[in-house]
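J.: coordinates only, sequence not included:
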């Protein structure tokens, strides 16, 4: 967000994704100190919807870790939106 000290609330991830299998996601803080596992998404080869996966993750920064666990599962992401809002101007001293 705007400043390095701002604490953000990450509340959803929306994907335009196709493939086969189950897509798994995690939100991770810097150096993976905090993680949150998000709900799995069942993939299909064609779709007319963009699933929104809810989250409740509070940290300065976050990365989205997207993966599958089976060898024959594949996915292709053509669009991804991460919804976040400022939560606090800094951590308490």
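T.: Looks like it arrived, so ask away. Note that the structure is a prediction, hence the values are computed from the model and not measured.
J.: Buried residues, stretch 7-23. List them.
T.: For stretch 7-23, the buried set under the neighbour-count rule, 16 or more other C-beta atoms under 10 Å, comprises 7, 8, 9, 10, 11, 13, 15, 17, 19, 21, 23. For every residue, glycine as well, the C-beta is placed using N, CA and C.
J.: residues in contact with the residue lying closest to the third one once chain neighbours are set aside?
T.: Spelled out, it's residue 9. Distance criterion C-beta to C-beta, 6 or more residues apart in numbering; nearest residue to residue 9, sequence neighbours excluded, is residue 87 at 4.2 Å. Each residue near residue 87 by C-beta atoms under 8 Å, 6 or more residues apart in numbering is listed here: 6, 7, 8, 9, 58.
J.: Could you rerun that using 10 Å?
T.: For residue 87, the contact set (C-beta atoms under 10 Å, 6 or more residues apart in numbering) comprises 1, 6, 7, 8, 9, 10, 11, 58, 59, 60.
J.: among the buried residues of stretch 7-23, which are in strands?
T.: 7, 8, 9, 10, 11, 13, 15, 17, 19, 21, 23 (DSSP state E).
J.: Let me know the closest of these to residue 38.
T.: The closest of those to residue 38 turns out to be residue 13 (C-beta to C-beta; 6.7 Å).
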